[in-house]
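based on what follows, work out the 3D shape:
(one chain, ligands or ions: 1)
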Amino acid sequence: MAKPFQAIRGMNDILPGESARWQSLETTVREVLAAYGYHEIRLPILEKTELFARSIGEVTDIVEKEMYTFADRNGDSLTLRPEGTAGCARACLEHGLLHHQTQRLWYAGPMFRYEKPQKGRYRQFHQIGVEAYGMAGPDIDAELICLTARLWRRLGLRDVTLQLNSLGSSAARVAYRERLVAYFAARHAELDEDSQRRLHTNPLRILDTKNPAMRAVVAEAPVLLDELDAESQAHFEELRALLDAAGVAYELNPRLVRGLDYYSKTVFEWVTDTLGAQGTICAGGRYDGLIEQLGGQTVAGVGFAMGLERLVAMLAAVSHPGVDSQPHAYLILVGDAAQRRGLVLAERLREQLPTLRLRMHCGGGGFKAQFRRADHSGARFALILGEDEVKTDAVALKPLRDSQGEQITLAQDQIAAHLRAAALAERP
Ligand code: HAM
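Sure thing, here's the model as predicted:
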């Protein structure tokens, strides 16, 4: 027999046992975003390759080696989105959403990067991203950071730290880049192969190296924060004052440079050491030049994205139960007549109680086997429809979780009221 198919490496199925936690996370994020006045935008998964090259940057890891790029039947080069900022900016420009107005937007969905799969790093992963346009001041940077801090509180995540840096204006970064190249060139022999390659393509990324052998040479490198232009300096100081006032703690990390080229001024990452090597759960920053780079006017932009696989892993560790998807009631149907009547009864109950989670037994079988299923389902009540009940338009109701609870018999038209009072009131 042929070997069964398997998913593509680095691309995961989210199984029924895990999806409750995903849903619960997504619901909480949606609620928090709504509370801050953010609106959802839904974007295609495929974009023209050029969009990512132009926004993320030609010499970034993502564009150089991680994109799923292919020619479609027309010969156009398309790419599975490796992130959402570029597509969101493209959509807003295309639909005129940035003209003399501000926008607070979010999107969710899968992203694709051909990275080496490991715990917390996948080739298909999921982000919820947030982007704010048309607001140039540090107030919106602070709002976004407060939003994330609130989200961690709502989710019960404690072991997270905010790292903060400013990359300055692009002019200041060009000057800094020259100083950095001169510094690293003078210590060329101490650079690893990757850094030697990056020296003339993307020297700022050398600061981000994970190679311990490079620690000394990186530690002594000039620091961008010391050389910020006046405007970026003022922006950063005000942001820090706002965060202090809001009681959001942060660590300054002058080595935080991010792996995408579109950032300027504020950059930040929320990190945890509870997840091993892939500890960044949320990251972002300001990108005031991106819209212009994509052919629009100068429009300020700032945003972040969080990695849902990593957040779900953290939630599992704090044993966040996820959405309650166990049924409230399990309908047991014994005998042919009951099976026929059962469907009608179940449909009527769902009509009367739209939030009732009712599982109807399918597949026949005797009372004992069905009762075992009802018990295993986690339901609070078994509803039992047998031959006698069918004859008298009744149904038996047996509490399953409460050992004191006696089985009672109700008229079928009384069950909805009874369940509303009992099952739905206790477990909405
Ligand atoms: P990013 O830092 O590339 O930024 O990704 C954001 C988050 O997505 C990461 O912090 C991580 O949690 C998650 N993530 C990234 N790659 C993977 C992967 N291979 N497997 C699992 N999770 C991953 C961006 O994507 C920017 N678009 C964020 C942004 C929005 N900046 C401004 N606006």
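
and the closest residue to G84 other than its chain neighbours, how many residues sit next to it?
For G84, ignoring the flanking residues on the chain, the nearest one in space by CB to CB, 6 or more residues apart in numbering is G129 at 4.1 Å. To be clear about C-beta, it is placed using only N, CA and C from the backbone, and glycine gets the same treatment. A total of 23 residues lie near G129 under the criterion other CB atoms under 10 Å.

wait, doesn't G129 sit right on R81?
No. Applying CB atoms under 8 Å, one finds G129 not in contact with R81, separated by 10.4 Å.

contacts for stretch 335-354, please.
Here stretch 335-354 makes contact (CB atoms under 8 Å, 6 or more residues apart in numbering) with 331, 333, 356, 358, 360-361, 364, 385-387, 389-390, 395, 412, 415-416, 419-420, 424.

the residues you listed in strands, which ones?
Among the contacts of stretch 335-354, the ones falling in strands (DSSP state E) are 331, 333, 358, 360, 385, 395.

out of these, who's nearest the ligand?
L358 (37.0 Å; CB to the nearest ligand atom).

gap between the closest one and P399?
L358 sits 16 Å away from P399, taking CB to CB, to the nearest Å as the criterion.

more neighbours, the two?
L358 (20 against 17).

the more buried one pairs with what?
Assessed by DSSP bridges, L358 has beta-bridge partners A329.

could I get the contacting residues of it?
Residues near L358 by CB under 8 Å, 6+ apart: 327-331, 346, 349-350.

next, the residue nearest to G84: secondary structure please.
Under DSSP: H, G, I helix; E, B strand; the rest coil, G129 falls in the strand class.

got the contact list for it?
83-85, 88, 106-108, 303-306.

so what's the residue count around Y68?
Using other CB under 10 Å, Y68 has 15 neighbouring residues.

separation between it and the ligand?
Distance, Y68 to the ligand, by CB to the nearest ligand atom, to the nearest Å: 12 Å.

also Q339?
Q339 is 47 Å from the ligand, by CB to the nearest ligand atom.

surely that residue forms part of a strand?
No. Read with three-state DSSP, Q339 is helix and lies in no strand.

so it versus Q370, what's the distance?
Going from Q339 to Q370 by CB to CB gives 11 Å.

what's the overlap in contacts for the two?
By CB under 8 Å, 6+ apart, Q339 and Q370 have these common neighbours: L333.

give the pairing partners of the helix or strand hosting G109; include direction for each.
When elements are assigned from DSSP states H and E, G109 belongs to strand 103-112. Strand 103-112 sits in its sheet next to strand 39-40 (parallel), strand 124-133 (antiparallel), going by DSSP bridges.

which of those sits most buried?
Across the strands paired with strand 103-112, averaging neighbours per residue (mean count of other CB atoms under 10 Å) puts strand 124-133 on top, at a mean of 23.

so what's the residue in the chain positioned nearest to the ligand bridging to?
Nearest to the ligand, among the residues of the chain, is G307, at 2.3 Å (CB to the nearest ligand atom). G307 has these beta-bridge partners by DSSP bridges: Q127.

look up how far V174 lies from it.
31 Å.
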